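Undergrad: Starting from these lines, generate the structure:
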Amino acid sequence: MRILAVVWDIDDTIFDHSGAERRAALEYLTARGLLGRYASPEAAADHWHAVSEEYVDRYLAGEFTFLAQRRERARVLAGRPLTDAEADVWMAGYLAAYRRHWRVFPDVVPALDGLSPPRRHGLLSNNSAPHQEEKLRAIGVHDRFEALVCSEELGIAKPAAGAFHAACAALGLPPERVAYVGDRPDTDAAGADAAGLTGIWLDRPGAAARVAGKGAPDVRRITSPGQLGPLLGTLDP
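TA: Numbering: from 1, shown residues only. Below you'll find the model as predicted:
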């Protein structure tokens, strides 16, 4: 059956979150005089990423609100107790650095141009809509997508089938007419497949370390968004 729309993940699929996080973390730790705590800049960036992943996962599991997980991350990364107000200020400093490094992956817009029309586009993210709206506007791609569905407002997160179905409903299409593209082989591609969509893993070069140990199920795989058009062409009747 012909794929009529592509729903995309945002972070590390369209938006270079890991690159922005790494550059901002090193900039901020240096400014706060904390980089010397680590054996190397790479160790510092790896620790920052691991802490961020842990608390985002706990937020997605319902343990924290979006704001509360940010405050807990600030306490761990600062290495000392912080009041809520102090944690907000500490994290605001990092977020200002993070915003300075926001960028769209350079291969995304050409891929969108190659797919549209006839295929439509939407977004599904395990995050909060206001936060993702801000990113999308800043990197200049907000208006390329018809719909944005986020776990914070939805109340469920990928890989739950309901999250994928909500994105399909936002486009007014049944799951079998929709492909989903994301940087996680399990949460994104396998989750989409299980929900009745066509799941596709965007395995960007250099990203393997981020998904190491999470398992790589047998899913459709591309290494660049530019490969999506030809792949979808093979799936069309």
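Undergrad: check contacts around Tyr94.
TA: Ala24, Ala25, Tyr28, Ala74, Leu77 (Cβ atoms under 8 Å, 6 or more residues apart in numbering). For every residue, glycine as well, the C-beta is placed using N, CA and C.
Undergrad: I'd say the second one and Ala45 touch.
TA: Same thing as Ala25. Yes: contact criterion Cβ atoms under 8 Å: Ala25 and Ala45 qualify, at 5.6 Å.
Undergrad: quick one: which of these two has more around it?
TA: The neighbour count for Ala25 versus Ala45, taken as other Cβ atoms under 10 Å, is higher for Ala25 (26 against 19).
Undergrad: how near is the more buried one to Ala78?
TA: Distance, Ala25 to Ala78, using Cβ to Cβ, to the nearest Å: 12 Å.
Undergrad: Could you check which helix or strand contains Lys135?
TA: helix 129-138 (DSSP states H and E).
Undergrad: List of residues touching stretch 44-57?
TA: By Cβ under 8 Å, 6+ apart, stretch 44-57 touches 18, 21-22, 25-26, 29, 35, 37-38, 64, 69-70, 72-73, 76-77, 126, 210.
Undergrad: For that stretch, buried residues please.
TA: Buried residues in stretch 44-57, counted by 16 or more other Cβ atoms under 10 Å: Ala44, Ala45, His47, Trp48, His49, Val51, Ser52, Tyr55, Val56.
Undergrad: Stretch 91-111 too?
TA: In stretch 91-111, counting by 16+ other Cβ under 10 Å, buried: Met91, Tyr94, Ala97, Tyr98, His101, Trp102, Val104, Phe105, Asp107, Val108, Val109, Ala111.
Undergrad: The second one sits in which helix or strand?
TA: Element membership for Tyr94, per DSSP H and E: helix 84-100.
Undergrad: So which other helices or strands are in contact with the helix or strand following that helix?
TA: Reading on from helix 84-100 to the C-terminus, the next helix or strand found by DSSP H and E is helix 108-115. Secondary-structure packing of helix 108-115 (3 or more Cβ pairs under 8 Å, 6 or more residues apart in numbering; DSSP states H and E): helix 228-235.
Undergrad: which non-adjacent residue is nearest Arg23?
TA: His101 (4.5 Å; Cβ to Cβ, 6 or more residues apart in numbering).
Undergrad: nope, Glu72 is what I meant
TA: Tyr55 (5.5 Å).
Undergrad: Model confidence score at that neighbour, please.
TA: Tyr55 carries a pLDDT value of 96.
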